[in-house]
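Engineer: compute the structure for the input listed below.
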Amino acid sequence: SHCITREVTGVGVPQFTAVEECSAAADTHGVETIADGGIRTAGDAVTALLAGADAVMLGGFLAGCTESPAETVEIDGERYKQTRGMSTAAAAEARADKDAEIVADEGVETTVPHTGPVGPRLEEFVAGIRSGLSYVGAQDLTTARKRAEFIKITSASNRRNGSHGVARKD
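Structural biologist: Have a look, this model is predicted:
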């Protein structure tokens, strides 16, 4: 994530909690909720959607795509995209609010690997969401939300997520 608001300000709420609480409040007013932040994989999107989000932002996930507006640079023969958080002085300078004074950067500027065209990336992402829904025996969000069960895990358990003990070919 490009966001360092919690680090800089000491204020913030973990994404799952924010989505769960905001969507509950928004639902009482007929307002939709968008999860903005922390969506790195289809699994992250499934979690946010089942927690109550109606949509998810994919800024970081799509930042490396060919179609992103970020400048492409080459470093040691590899292609990267130069990206930045939206609450940075550089981002404010590029927007209409360039005269606004940024007192503390709450985002970082960095490079991310160029990931190729957006189409195949989104197709795989959507397939991951469909697969996630299938694991709770659902084909739609309404059914999936009714069947979803969230279980707290420890950081040790989280380290065991994904492949481990084998060499991955990415």
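Engineer: what number of residues lie near Leu50?
Structural biologist: 23 (other C-beta atoms under 10 Å). Quick note: C-beta positions are derived from backbone N, CA and C, even for glycine.
Engineer: same question but for Gly64, I mixed them up
Structural biologist: Count around Gly64 with other C-beta under 10 Å applied: 21.
Engineer: what's the weakest-modelled helix or strand in the chain?
Structural biologist: When the helices and strands of the chain are scored by mean pLDDT, DSSP states H and E, helix 89-94 comes last with a mean of 63.
Engineer: might one say that Cys65 is in contact with Gly116?
Structural biologist: Yes: if you go by C-beta atoms under 8 Å, Cys65 and Gly116 touch, sitting 6.9 Å apart.
Engineer: which one of the two has more residues nearby?
Structural biologist: Counted by other C-beta under 10 Å, Cys65 and Gly116 do not tie: Cys65 has more neighbours, with 20 against 13.
Engineer: once you drop chain neighbours, what's closest to the more buried one?
Structural biologist: Val118 (4.3 Å; C-beta to C-beta, 6 or more residues apart in numbering).
Engineer: residue contacts, that neighbour?
Structural biologist: 62, 65-68 (C-beta atoms under 8 Å, 6 or more residues apart in numbering).
Engineer: give me the distance between it and Ala35.
Structural biologist: Relative to Ala35, Val118 is positioned 20 Å away (C-beta to C-beta, to the nearest Å).
Engineer: helices or strands up against the longest strand along the chain?
Structural biologist: The residue-count maximum for a strand in the chain (DSSP state E) belongs to strand 78-84. Counting by 3 or more C-beta pairs under 8 Å, 6 or more residues apart in numbering; DSSP states H and E, the packing neighbours recorded for strand 78-84 are strand 72-75, strand 109-113.
Engineer: mean pLDDT and distance to Glu124 for those strands - can I get that in a markdown table?
Structural biologist: Shown next, in a markdown table, are the helices and strands packed on strand 78-84 (pLDDT from 0 to 100; distance: least, C-beta to C-beta, whole Å):
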| stretch | mean pLDDT | distance to Glu124 |
| --- | --- | --- |
| strand 72-75 | 95 | 21 |
| strand 109-113 | 89 | 16 |
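Engineer: quick one: these as a markdown table, columns for distance to Ala26 and mean neighbour count too.
Structural biologist: Below are these laid out as a markdown table (distance: least, C-beta to C-beta, whole Å; neighbours: other C-beta atoms under 10 Å):
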| stretch | distance to Ala26 | mean neighbour count |
| --- | --- | --- |
| strand 72-75 | 38 | 11 |
| strand 109-113 | 31 | 15 |
